[in-house]
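>>> got a predicted structure plus its sequence, pasted below:
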Amino acid sequence: NGGEKIPPENIEMIYWFANFPHEPAVFQYSQAKFERDWDSVGKIVAEIKTAAKFPMSEDERPCRFCSFRSYCDRGKEAGSWDEFEGEAEAEENFTIDFEQIGEIAF
């Protein structure tokens, strides 16, 4: 966009569902929504800036792959994603019921 800001009114999200190809859901953005979102993010940033404590998780498993783990004294560098086991477990139990998927004409 050449470094130019995009006016919020020019932003939209279109959700298209295969079972209803001629009925997309269109979500318009606006200046009012942008200001609401900007205020929400600003409040979260202010909360983080003023926080005195950031309690660590008791579950250290996700820390294995965290780039910032040295700040918590939970290691010096993040582990390799090749060692990540969570995704492999999800794939083993993943099944697709093709009967539940709607057909579309070509």
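Received it, and whenever you're ready, just let me know what you need.
>>> every contact and neighbour count from this point should use C-alpha atoms.
Will do.
>>> can you pull the contacts of residue 21?
By Cα atoms under 8 Å, 6 or more residues apart in numbering, the contact set of residue 21 is empty.
>>> got a pLDDT number for it?
Looking at residue 21, its pLDDT is 90.
>>> do the one 3 residues further on as well
In this model, residue 24 is scored at 94, pLDDT.
>>> tell me if I'm right that it and residue 18 touch.
No. With contact defined as Cα atoms under 8 Å, residue 24 does not reach residue 18; the gap is 9.4 Å.
>>> which stretch of helix or strand covers the residue positioned nearest the centre of the chain?
Nearest residue to the geometric centre of the chain (Cα atoms, centre = their mean): residue 41, 15.0 Å. For residue 41, the element it lies in under DSSP states H and E is helix 31-50.
>>> wait, what's in contact with the residue nearest to residue 24 when sequence neighbours are not counted?
Of all residues not flanking residue 24 in the chain, residue 16 sits nearest, at 4.7 Å (Cα to Cα, 6 or more residues apart in numbering). Going by Cα under 8 Å, 6+ apart, residue 16 touches 23, 24, 25.
>>> got a list of what the second one touches?
Translated: residue 24. Contacts of residue 24 (Cα under 8 Å, 6+ apart): 14, 15, 16, 17.
>>> check the first one too.
Residue 23 makes contact with 16, 17 under the criterion Cα under 8 Å, 6+ apart.
>>> okay, it and residue 44: tell me how far apart.
Distance from residue 23 to residue 44, counting by Cα to Cα, to the nearest Å: 36 Å.
>>> would you map the strands across the protein?
12-15, 25-28 (DSSP state E).
>>> pairing partners for the last one, with directions?
What that stands for is strand 25-28. When pairs are called by DSSP bridges, strand 25-28 turns out to pair with strand 12-15 (antiparallel).
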